[in-house]
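[1] Compute the structure for the input listed below.
(2 chains)
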Amino acid sequence: MSVESIDITMEHCPMTFVKAKLALARLNRGDILEVTLKGGEPLENVPRSAAEEGHKILSIEDLGEVHLIRIEKN
Amino acid sequence: MENKKKLSIICFSGDFDKAVAALTLATGAAAVNWEVNLFFTFWGFNIVKTKGGHSFIGRGFLAKVFNFLMGGRKSMPLSRLNFGGASPKLMTGMMKNQNIANLEELYQAAKDLGINLYACEMSMNIFGMTRDDLDPAVKEVIGVPTFLKYSEGGETLFI
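    Predicted coordinates for the structure are as follows:
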């Protein structure tokens, strides 16, 4: 199991979602993706679309101005 | 995935801004798990030509002239305020400054996301082009019935 981290706080639509999706695609089953993102659209849609694809949302942490989401790839 | 949502976009325009709009919608949809089909036709062929600039491609004199004038993905005009081709470059610079994906990045993202790229058979014949003139990422050259079959049951946009 490996852990990869990406920071999409400086990205804008649609690259926020694109980068999260492509990062997940690069991982193997059981690997963890840590995504640092802003609130609003990214916070709402990155975990939702990952869960829709069958990945497991391990945690969503509020770090103040940004959030950290940990996703386990299915 | 069952009941996957589907978006099909007919990319008719060869304008920079409309191509950005089409590719933004396409990549955004694919990133949130929609199946996406892009059907490039007429001026939209500029987006998927192998040669990005103004090139004399195609069979026949008129086709070569048309293709040269149309250009490719790297020479697309803005639909308004083009100022002789200066504006797309300025716009790309503005997008970069704001960390917003430009046309080339969006097109690459579309391919990385596995979006289905299709080219219109009729347009290819009009412009005297062959399959080699199109990006190898284009999956198929198809006609209207096949596009309707692929887009059936989803949302379809014309840009």
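
[2] which stretches of chain A form strands?
    For chain A, applying DSSP state E gives strands covering A:3-7, A:32-38, A:56-62, A:66-72.

[3] Make TSV out of those and add mean pLDDT and distance to B:Q108.
    Where C-beta positions appear, they are placed from N, C-alpha and C, glycine not excepted. Shown next, in TSV, are the strands of chain A (pLDDT from 0 to 100; distance: least, CB to CB, whole Å):
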stretch	mean pLDDT	distance to B:Q108
strand A:3-7	97	17
strand A:32-38	97	21
strand A:56-62	97	28
strand A:66-72	98	24
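
[4] Quick check, central residue of the chain?
    I went with chain A, as the question did not name one. By CA atoms, centre = their mean, the mean C-alpha position of chain A lies nearest to A:V35, the distance being 4.1 Å.

[5] ah, no, chain B please
    B:I47 (3.7 Å).

[6] May I have the beta-bridge partners of the residue nearest to the centre of chain A?
    Assessed by DSSP bridges, A:V35 has beta-bridge partners A:I6, A:I69.

[7] and the spatially closest residue to A:V3 that is not a sequence neighbour, how many neighbours?
    Leaving out its chain neighbours, the residue that sits closest to A:V3 by CB to CB, 6 or more residues apart in numbering or on different chains is A:I32, at 4.5 Å. Number of residues near A:I32 (other CB atoms under 10 Å in any protein chain shown) recorded here: 16.

[8] Identify the residues contacting A:I32.
    A:I32 makes contact with A:1-4, A:58, A:70-73 under the criterion CB atoms under 8 Å, 6 or more residues apart in numbering or on different chains.

[9] Quick one: mean pLDDT for stretch B:137-147?
    Stretch B:137-147 carries an average pLDDT of 97.

[10] Can you mark which positions in that stretch are buried?
    Using 16 or more other CB atoms under 10 Å in any protein chain shown as the burial criterion, the residues of stretch B:137-147 that qualify are B:138, B:141-142, B:147.

[11] Nearest to chain A among these?
    If you rank these by distance to chain A using CB to the nearest CB, B:V138 comes first, at 20.2 Å.

[12] Would you agree B:Y107 is in contact with B:N46?
    No - look at B:Y107 against B:N46 with CB atoms under 8 Å: they stay out of range, at 11.2 Å.

[13] any common contacting residues for those two?
    B:R73.

[14] which residues touch B:K111?
    B:K111 sits in contact with B:117, B:137, where contact means CB under 8 Å, 6+ apart.

[15] Tell me the residues on chain A that lie near chain B, please.
    A:10-15, A:17-18, A:20-22, A:45, A:48-49, A:52-54 (CB under 8 Å from any CB of the partner chain).
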